[in-house]
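Visitor: Turn this into a model:
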Amino acid sequence: MSKKKYIEAINYYKLAEDKLVKIEDEIEKAEFYYHLAISYYHIDQHFFSLAYAEKALTVFREYDDYAHRTVSSEMILGANKLDLFRYEAAYKHYEHALHISKTKGISNSEGKAYHNLGILYKRRNMLSEAEDCFRNALLIDEYANTYNGLKAIYNLTHVLYKSGHIEEAREWFKKGVNRAEKEGDKEYLAKFTLVNTLYDEYNESVLADSLDTLEQMGLWNDVAVLTLEVGCYFKKSDDIKNTAKFLEKCIHARDQILKMTEELK
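Guide: Sure, this is the predicted structure:
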């Protein structure tokens, strides 16, 4: 799963599930449900993901020592509902996660909750609110210094570019690229490059290379989201050729997501 090979991960998890009945430890079972929920989420199998996340949450919230997992389960529920356009339900999960994180003093989880709220606002094109949430996440050192902190820098950069705050977006872009290069993160290096070339220094070949990188990594959900945005960007300038080109790429990416699910044994 950490290598983003979600289909393989799920197939192994399903093998493990056959043996789960022999496990008496409720926390061990909840951990299994939680990780399976994440894997299903990443291949857009939202109803499977919701079912496993609910099972995990039912167990974790009974144990004070696992408040961090309660928060994480709330957030995976929120992420699924966000993708299903159930915005108010997603917001409640994220707000609950943020409340628990602050109450229990779980700084890293608080950062994640702010970040996920930022994603919700970003999806709804509420860019000012999204910007505030990403900034709040990055103010928390325990969060900002993790891999997820790089995600928040990318999303803040993206929002600033979309909002027309080009100068500040460039500053965060440089910070993000330097960090992605230092950590050897090809995914986010491609994403930073893509939003920069789209909103600031357009270069057709750079845009194509960034998308190729994400495709080669099998990150079809990201490709679908970003090609849709690129297509809409060109539509605003009445560039019909590029609009059609990138919307076709979006359709192709969504087809690949469907094909991925066929690989489940």
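
Visitor: now the strands: where do they sit in the stretch 51-200 of the chain?
Guide: Ranges of strands in the stretch 51-200 of the chain, per DSSP state E, counting those that start in this stretch: none exist.

Visitor: Tell me where the stretch 151-265 of the chain is predicted with low confidence.
Guide: Across the stretch 151-265 of the chain, residues meeting the criterion (pLDDT under 70) sit at 261-265.

Visitor: Any figure for the gap between Leu189 and Lys3?
Guide: For Leu189, the distance to Lys3 equals 17 Å [Cβ to Cβ, to the nearest Å]. C-betas here are computed from N, CA, C, even on glycine.

Visitor: more neighbours, those two?
Guide: Taking other Cβ atoms under 10 Å, Leu189 and Lys3 do not tie; Leu189 has more neighbours (20 against 8).

Visitor: ok, the more buried one touching Asn178?
Guide: No. Applying Cβ atoms under 8 Å as the test, Leu189 and Asn178 come out as separate, 10.2 Å apart.

Visitor: what is the mean pLDDT for stretch 45-54?
Guide: When pLDDT is averaged along stretch 45-54, the result is 95.

Visitor: OK, contacts around Lys104?
Guide: 67-68 (Cβ atoms under 8 Å, 6 or more residues apart in numbering).

Visitor: and it, what pLDDT?
Guide: For Lys104, the pLDDT comes out at 94.

Visitor: do the same with the one 3 residues further on
Guide: Ser107 carries a pLDDT score of 95 in this model.

Visitor: State the distance from it to Tyr143.
Guide: With distances taken as Cβ to Cβ, Ser107 is found 7 Å from Tyr143.
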